[in-house]
Structure formats: structure tokens, C-alpha cells
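A.B. asks: task: produce atomic coordinates for the following.
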Amino acid sequence: MLSALPPLALFLMMPEWTMTTLFGDAFADGATALVLVALGQFILSMSMPFEAVLRMAGRERYLLQLNAIVLLVSLVAAAVAIPSYGAVGGGFVLLISATIIMMAQFGIALRETCVVDE
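C.D. replies: So this is what the prediction gives:
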């Protein structure tokens, strides 16, 4: 997770510079999409410990169900967002999907592995 911070900082602070330096001036318009994808990937990196906890606790079934639901949500959202907004729409779909995965994995891991007084 910490190893994702330096590229994230670069992509958030200088997205246009990053796109033009790496890919040329024709790709400067992709800076917004780069920011959205970078944020989505960072969120996914934060969800890795929750996924590991669920796997170690024998709760792979929840991961399968969650991934299937997020796949369906992502396909529908991409079918709507990408034709209208292009790469920015795709980046936004990735960001939303990553957020759903992280929040759901956190909630499931908390519920399934912690003792909660009722």
C-alpha cells in the first residue's frame, strides 16, 4: 500500500506533465482519466489486507459473490459512462468499483472476523 504513494502523488500533482512526458503531447487530454485510475488503483491497494483476511478466514465465498456483483455493476456503468465520457468515464467506473470493493471487503471482514457484543 505504501509503495503506491509515490506514483499516486506524482499522478495527482502533475497529471498533464506525466502524460505528455511519457506518451507525448497528444495524450495530455488523458490527465483526468489518469487521476481517476490512479485513485482507483490506490483504493484497490488499500483493500488487499481485507481480502487477505477473508481468504485466511475461509470466506472465499464472500469474495466470489462480491466480485460477481461488482463485475455486473461495472459492466452496466461502463456501458453508460464510456460512450458518453470516454476514458474519463472509464476511470470514474474504475474508481466507483474500487470503492465498492474496498468498503464491502472491510465490512465483511469486520463482521466475519471480529467479536461484536450484541
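A.B. asks: what ranges of this protein fall below the confidence cut-off?
C.D. replies: 1, 115-118 (pLDDT under 70).
A.B. asks: helices or strands up against the helix or strand encompassing Val73?
C.D. replies: Using DSSP states H and E, Val73 falls within helix 60-85. Counting contacts by 3 or more Cβ pairs under 8 Å, 6 or more residues apart in numbering; DSSP states H and E, helix 60-85 is packed against helix 31-56, helix 87-113. C-beta here means a position set from N, CA and C on the backbone, and glycine is covered the same way.
A.B. asks: how about the contacts made by the closest residue to Ala81 other than its chain neighbours?
C.D. replies: Nearest residue to Ala81, sequence neighbours excluded (Cβ to Cβ, 6 or more residues apart in numbering): Gly89, at 3.2 Å. Taking Cβ atoms under 8 Å, 6 or more residues apart in numbering as the criterion, Gly89 is in contact with 78, 80-83.
A.B. asks: still on that earlier bit, can I get the helices and strands packed on helix 60-85 in JSON lines with distance to Asn67?
C.D. replies: Below are these laid out as JSON lines (distance: least, Cβ to Cβ, whole Å):
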{"stretch": "helix 31-56", "distance to Asn67": "10"}
{"stretch": "helix 87-113", "distance to Asn67": "8"}
